[in-house]
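*Asks:* Predicted structure and sequence below. I'll ask about it afterward.
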Amino acid sequence: MNKMLIPILFALGTAIFWGCYGPAIGNAQSPRGIDGRPMVPPEGWTPFKPYVFIGIAYLVIAIAGGLIMMKVKGDTFSYSGSHFATAKWGFLAGTLGAGGALCLTTAMMTSRGNALLIMPIVFGGAVSITALVSVLRLHAATVVSPMLWVGMLVTVIGVVIVARNTPHGHAGPAKSSAAEADPLHGGEVHAVEEPLT
């Protein structure tokens with residue numbers, strides 16, 4: 001079996017999970033009032049209410065999954081001495097992941113669950129940020145190919161093309177006949193996209 005097949009399959013798994021993550025958050029948005037704006041507490045809720053359970057899910061899966069896999073792979077449960085780096089960098093990575101989840105939750109809630117706008121920006125931006133971090137870390141030890149900047153430009157173009165051409169709405173009956181201008185399509189009018197039930 002090709003050595004790269006397993007990491008590629010897990011990377012595709014990540015793309016599937018995170019690709020469904022945005023639409024799932026969109027389903028947790030607060031109901032809308034007569035004026036079309038999200039209802040505020042106590043009738044509605046803020047974007048941070050579902051984020052609490054996102055955190056609980058992260059905590060349960062990360063701790064249980066991590067401990068199980070450590071045991072399966074014969075790892076120790078020590079985080080001291082030379083193993084302290086795993087705690088330090090793991091906590092930093094978790095902080096960055098949780099901060100990203102908070103930003104994504106807020107973006108989805110404030111965009112009326114508009115996953116077709118938010119998710120391409122998230123993933124197109126993430127791959128470019130990863131490349132920039134690598135350039136900064138290795139700046140003295142490597143020569144950056146001009147094709148990297150071409151790739152970033154193509155990524156931006158790809159994000160715009162995907163966002164502009166992703167189908168709107170859903171197959172179910174609309175809860176409202178209201179329509180609104182879509183900024184991605186130059187002000188064209190589209191049916192309001194309701195969350196899946």
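*Replies:* Sure thing, it's come through.

*Asks:* For the stretch of helix or strand residue 24 belongs to, which helices and strands make contact with it?
*Replies:* In this assignment (DSSP states H and E), residue 24 forms part of helix 5-26. The elements that helix 5-26 packs onto, with contact taken as 3 or more C-beta pairs under 8 Å, 6 or more residues apart in numbering; DSSP states H and E, are helix 84-110, helix 115-138. The way it works is simple: take the backbone N, C-alpha and C, and place the C-beta from them, glycine included.

*Asks:* Give me the contacts around that helix.
*Replies:* Defining contact as C-beta atoms under 8 Å, 6 or more residues apart in numbering, one finds that helix 5-26 is touched by 50, 54, 104-105, 108-109, 112-115, 118-119, 122-123, 195-196.

*Asks:* And the residues you listed, which is closest to residue 32?
*Replies:* residue 112 (8.1 Å; C-beta to C-beta).

*Asks:* and the closest one, helix, strand or coil?
*Replies:* The local conformation at residue 112, judged by DSSP: H, G, I helix; E, B strand; the rest coil, is coil.

*Asks:* Quick one: neighbours of it, just the number.
*Replies:* Summarising burial for residue 112: neighbours were counted as other C-beta atoms under 10 Å, giving 18.

*Asks:* now do residue 82
*Replies:* Burial measure for residue 82: 7 neighbouring residues, criterion other C-beta under 10 Å.

*Asks:* do residue 41 as well
*Replies:* Each residue near residue 41 was counted by other C-beta under 10 Å, and the total is 9.

*Asks:* Repeat that for residue 97.
*Replies:* Summarising burial for residue 97: neighbours were counted as other C-beta under 10 Å, giving 12.

*Asks:* ok, it - contacts?
*Replies:* residue 58.

*Asks:* returning to what we had before: single out the most deeply packed of the helices and strands packed on helix 5-26.
*Replies:* Compared across those, helix 115-138 shows the largest average neighbour count, a mean of 15 (mean count of other C-beta atoms under 10 Å).

*Asks:* next structured bit after it?
*Replies:* For helix 115-138, the following helix or strand on the C-terminal side (DSSP H and E) is helix 146-165.

*Asks:* so how far is that next one off the chain centroid?
*Replies:* For helix 146-165, the separation from the chain centroid amounts to 18 Å (computed by C-alpha atoms, centre = their mean, to the nearest Å).

*Asks:* Kindly report the same for stretch 119-135.
*Replies:* Relative to its parent chain, stretch 119-135 has a centroid offset of 12 Å by C-alpha atoms, centre = their mean.
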